[in-house]
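**Student:** Just a sequence and a predicted model for now, questions to come.
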Amino acid sequence: MAKLEQQLDLYFSALGDPTRRRMLERLARGPATVSELAAPHDMALPSLMAHLKRLEAANLVTSRKDGRTRICELAPNAFAPARDWLSEQSAIWEARLDRFDDYITTLAKERDT
C-alpha cells in the first residue's frame, strides 16, 4: 500500500469518531491543554489520551509538554491530504458526468434526426 494511502486510512479513521472530531473543532479555535480538551467529554483521561494519540498518528494534531502540561494544536496543513484527495475524486467524477452528459446529448440528437 502506498504511503499516501496509509496516511489517508489513518486520517479518515481518525475523523470517523465524533469525540475526535469535537477535539479537532476545539483545536481549530487555537491550542488547548489536554484538560481543556477533556472537559466537555465524559471519559477517563486515559481514554481521551488514546483519542489524542490517534489524532497525532494521523498527523492532524501535534502536542508538546510545557512543564507538566501537555498543549495540543492542529498540525500545520492538517486537512491538506484529505482536501487534495477529495479534490482529485471530485475532478474524476465531474469528468465522468461531463462524458455522460455528452453521451446523452449525442443520443438525443441522433433520436431527433
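**Tutor:** All right, it came through fine.
**Student:** Which residue ranges of the chain form helices?
**Tutor:** 3-15, 18-27, 34-38, 45-57, 80-112 (DSSP state H).
**Student:** Quick one: closest of these to residue 73.
**Tutor:** Residue 73 lies closest to helix 18-27 among the helices of the chain, at 5.9 Å (CB to CB). Placement of C-beta: from N, CA and C, glycine included.
**Student:** Distance from the closest one to the middle of the chain?
**Tutor:** Distance of helix 18-27 from its chain centroid, counting by CA atoms, centre = their mean, to the nearest Å, is 11 Å.
**Student:** neighbouring contacts of it?
**Tutor:** 14-15, 32, 36-37, 40-41, 43, 48, 51-52, 54-55, 60-61, 72-74, 78 (CB atoms under 8 Å, 6 or more residues apart in numbering).
**Student:** Go again with 6 Å.
**Tutor:** Residues outside helix 18-27 that contact it (CB atoms under 6 Å, 6 or more residues apart in numbering): 14, 32, 37, 41, 51, 55, 73-74.
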